[in-house]
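Trainee: missing the sequence, but the structure's below:
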């Protein structure tokens, strides 16, 4: 797999489109950090790890609006790709959907949401946008 972050986002997008309540993805620290940020920001209902070693997976419970008919995550977009990395300074972090969405950045202080990065005045690589 060339881009595990894009695979994670695609699994979330596809599961939301067909109204699945749960998604499982192979474990990695960066995917776990992304999932925890999405849970903290209210886009996912629950995130937990299952298994050990090579069999370790991340289990994600999706959040829905309107009694389970509309996914809370309306859009996901990978910004920085393996072929073209996108870096921004702290004062140029984009606002997603006029502030209603979030951007997730990989910074020197770890994986942060755009709001956390602005508060800590740190820039970095824009991994993705969620709205």
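Mentor: Arrived safely, thanks for sending. Fair warning: this is a prediction, and the values are worked out from it, not measured in the lab.
Trainee: was I right to think residue 37 contacts residue 113?
Mentor: Yes - the pair residue 37 and residue 113 passes the contact test of Cβ atoms under 8 Å, sitting 5.4 Å apart. C-betas here are computed from N, CA, C, even on glycine.
Trainee: now the common contact residues for the two.
Mentor: Both residue 37 and residue 113 are contacted by 102, 104, under the criterion Cβ atoms under 8 Å, 6 or more residues apart in numbering.
Trainee: domain boundaries for this structure, per the record?
Mentor: With automatic domain parsing serving as the domain definition, the record reports that the chain contains domains spanning 4-71, 76-130.
Trainee: give me the pLDDT for the nearest residue to residue 101 once chain neighbours are set aside.
Mentor: Counting by Cβ to Cβ, 6 or more residues apart in numbering, the nearest residue to residue 101 once its immediate chain neighbours are dropped is residue 131, at 2.9 Å. Looking at residue 131, its pLDDT stands at 94.
Trainee: how close does residue 131 sit to residue 17?
Mentor: In this structure, residue 131 lies at 15 Å from residue 17, with Cβ to Cβ, to the nearest Å as the measure.
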